[in-house]
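Asker: I would like to see how this sequence folds:
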Amino acid sequence: GGEISLALLAGQLQARDHEVEVFSFDGGHKTEVDDIQVSRFRKLPHGLLEASNAYATLTLSRRANYLRTFDVLHGYNVTLTPALGAVASSLSVPSVATLNSYDVLPKHSFGVTPTLRRRIYETVAFPTTGRLLRRAMQDVDRFIALSEATRELYQEQGFDANPFDVVPNML
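Answerer: Sure thing, here's the model as predicted:
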């Protein structure tokens with residue numbers, strides 16, 4: 001669903017004469033989809049939010065001069081929202097993140113029983129490195145939540161100082 005929503009968003013922005021480029025971590029080459037440039041970087045290291053965000057931050061920071069020319073950076077993958085916050089803040093480029101999942105929140109906060117692996121991760125990493133990830137997320141200038149419930153949950157989890165807009169998927 002996220003890829004379809006992102007394609008629709010990019011297409012609508014382009015139809016309104018905005019220049020759009022998509023950065024993705026699923027390949028390693030450049031492509032074009034419906035006349036939109038897609039820069040595909042190597043796949044992310046999976047398993048740890050910290051490793052994925054460190055890789056994404058490093059990869060995007062290597063393109064700092066190019067990214068500084070952008071009017072806004074929009075993150076559409078919650079897992080990489082900390083990288084977005086870190087990069088956009090360091091470049092002084094405005095940023096927006098769509099909150100379309102809860103990957104960066106403890107599972108119990110939204111009523112899901114974590115797997116053993118996730119429970120261990122939440123016990124060890126959330127109080128330490130996870131706190132750093134959530135701090136980097138707070139450098140995002142504006143969040144877009146897909147529902148009031150999502151906005152409320154993120155605000156209850158410490159993102160109450162960030163500005164939010166609620167924009168359901170179908171609008």
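
Asker: What separation is there between the spatially most central residue of the chain and Gly75?
Answerer: For the chain, Thr81 is the residue whose C-alpha lies nearest the centre (Cα atoms, centre = their mean; 3.1 Å). Using Cβ to Cβ, to the nearest Å, Thr81 is found at 5 Å from Gly75. The way it works is simple: take the backbone N, C-alpha and C, and place the C-beta from them, glycine included.

Asker: if I look at those two, which residues touch both of them?
Answerer: Common neighbours of Thr81 and Gly75, using Cβ atoms under 8 Å, 6 or more residues apart in numbering, are 97, 140.

Asker: Report the secondary structure state of the residue nearest to the centre of the chain.
Answerer: helix (DSSP: H, G, I helix; E, B strand; the rest coil).

Asker: who's in contact with it?
Answerer: So Thr81 contacts 75, 97, 99, 104, 137, 140 (Cβ under 8 Å, 6+ apart).

Asker: Try it again at 7 Å.
Answerer: Taking Cβ atoms under 7 Å, 6 or more residues apart in numbering, we find Thr81 in contact with 75, 97, 104, 137, 140.

Asker: Just to check, the first one is in contact with Asn100?
Answerer: No. Using Cβ atoms under 7 Å, Gly75 is not in contact with Asn100, being 10.0 Å away.

Asker: Compare those two and say which one has the larger neighbour count.
Answerer: Gly75 (25 against 18; other Cβ atoms under 10 Å).

Asker: measure the nearest residue to Pro114 once chain neighbours are set aside to Ser89 for me?
Answerer: The shortest distance from Pro114 to any non-neighbouring residue, by Cβ to Cβ, 6 or more residues apart in numbering, is to Lys107 (3.9 Å). Plainly put, Lys107 is 28 Å away from Ser89 if you go by Cβ to Cβ.

Asker: Neighbouring strands of the helix or strand containing Ser39 in the sheet, and parallel or not?
Answerer: Take DSSP states H and E as the rule and Ser39 turns out to sit in strand 36-40. Strand 36-40 has the following strand partners under DSSP bridges: strand 21-24 (parallel), strand 30-33 (antiparallel).

Asker: ok, the residue nearest to Pro114 - how many residues close by?
Answerer: If we define neighbours as other Cβ under 10 Å, then Lys107 has 16 of them.

Asker: In contact with it, which residues are there?
Answerer: Applying Cβ under 7 Å, 6+ apart, the residues near Lys107 are 113-114, 118.

Asker: pLDDT value on the residue lying farthest from the centre of the chain, please?
Answerer: The centre of the chain is farthest from one residue, Leu116, which by Cα atoms, centre = their mean lies 25.2 Å away. Per-residue confidence for Leu116 comes out at a pLDDT of 95.
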